[in-house]
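Student: The following block contains a protein sequence and its predicted model.
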Amino acid sequence: MNQHAVSREVHQRFDADGFVTLRQFVNGAGRRELLANVDRFVRQVVPQLPSEHVFYEDKNDPATLKQIQQMGEHDPSFHDMLTTGDFRKVAEALLQAAVVPVNLQYFSKPPGVGRPTPPHQDGCYFMLDPCEAVTMWLALDDVDAENGCVRYVPGSHKRGMREHFRTQTLGFSQGIVDYPTTEDAQQEIALPARSGDLLVHDALTIHRADGNHSAVRSRRALGLVYYSVRAQKDSAAHAAYQRRLTDEMKASGRI
């Protein structure tokens, strides 16, 4: 693990902004091995997954794969990546608590067809009390404004949960109702990243991303989610929400 990953400076930036970037958190041979492992998973494992764990921009076109849920449930190497080692240590350091590893996801915005990610707060999906959790976003490709880098509103994690509404974006069913306010527009910043850079944000930090406007460049990332052990999940409400969402997507032919 990078020695600066849990430094005082990193803590201060995370507490103030609600997010932090750890440059080249995975690099060299480790990055090459991870990229090969992701490619293997997409080729060999994805065709066997349940439809509610795999989303496509066009479900009839495998090249438009946009999201995979719960990779750790389907592959021991990704289970280990989520539950042991450096990522978990960073989560524990930033939350200052033991953590529960929750999900390892794959995100992609395919060239030319990758759609925008609506502005949202992850805590809206998590349904936690208190809302103590982090999401990590590990860039697998170089990402900038052209192919859809993540955009954050610094300090938004200190202002509580905004009202969300149901969107039509597959894989991101909730978006903030009144985004952007004048304050949002003035404060929002884009965070370009190189392959191997790790972005970590608080569950209440507002973030979004544009679509992929490049005709040739991919925009892939892994997302790792950790809850603080202090957080209590409304499991019944969360399960009911997931069932409703899955039923709606199946009924509309989206999965």
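Tutor: Cool, the structure landed.
Student: Gln212: neighbour count?
Tutor: That one is not Gln; residue 212 is Asn. 22 (other Cβ atoms under 10 Å). Quick note: C-beta positions are derived from backbone N, CA and C, even for glycine.
Student: How about it, nearest residue that isn't a chain neighbour?
Tutor: Residue nearest to Asn212 in three dimensions, not counting chain neighbours: Gly114, with 3.4 Å by Cβ to Cβ, 6 or more residues apart in numbering.
Student: Doesn't the one you found lie inside a strand?
Tutor: No. Per DSSP: H, G, I helix; E, B strand; the rest coil, Gly114 lies outside any strand segment and is coil.
Student: dump the residue contacts of it.
Tutor: Contacts were defined as Cβ atoms under 8 Å, 6 or more residues apart in numbering; by that measure Gly114 touches 57, 66, 108, 147-148, 211-212, 219.
Student: Tell me the confidence at it?
Tutor: Listed pLDDT for Gly114 reads 92.
Student: Against Gln187, how distant is it?
Tutor: Distance, Gly114 to Gln187, using Cβ to Cβ, to the nearest Å: 25 Å.
Student: where along the stretch 1-150 of the chain do the strands fall?
Tutor: All strands of the stretch 1-150 of the chain, identified by DSSP state E, counting those that start in this stretch, fall at 19-22, 54-56, 65-68, 99-108, 117-120, 128-129, 133-139, 150-152.
Student: give me the low-pLDDT residue ranges for the stretch 151-255 of the chain?
Tutor: Residues of the stretch 151-255 of the chain meeting the criterion pLDDT under 70: 171, 237-242, 244-255.
Student: let's go with 90 and repeat that
Tutor: Filtered on pLDDT under 90, the stretch 151-255 of the chain yields the residue ranges 167-173, 233-255.
Student: any chance you could map the helices in it?
Tutor: Using DSSP state H, counting those that start in this stretch, the helices found in the stretch 151-255 of the chain span residues 182-187, 235-251.
Student: same for the shortest one, what does it pack against?
Tutor: In other words, helix 182-187. The contact analysis (3 or more Cβ pairs under 8 Å, 6 or more residues apart in numbering; DSSP states H and E) places helix 182-187 against no helix or strand.
Student: mind starting the numbering at 606 from now?
Tutor: In the new numbering, first residue 606, that becomes helix 787-792.
Student: returning to that earlier point: now render the strands of the stretch 606-755 of the chain as a markdown table, adding mean neighbour count and distance to Val611.
Tutor: Shown next, in a markdown table, are these (neighbours: other Cβ atoms under 10 Å; distance: least, Cβ to Cβ, whole Å):
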| stretch | mean neighbour count | distance to Val611 |
| --- | --- | --- |
| strand 624-627 | 22 | 10 |
| strand 659-661 | 22 | 33 |
| strand 670-673 | 21 | 29 |
| strand 704-713 | 21 | 13 |
| strand 722-725 | 21 | 27 |
| strand 733-734 | 16 | 23 |
| strand 738-744 | 24 | 13 |
| strand 755-757 | 21 | 20 |
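Student: Out of the ones you listed, flag the one nearest Leu640.
Tutor: Evaluated over the strands of the stretch 606-755 of the chain, closeness to Leu640 peaks at strand 738-744, with 10.9 Å, by Cβ to Cβ.
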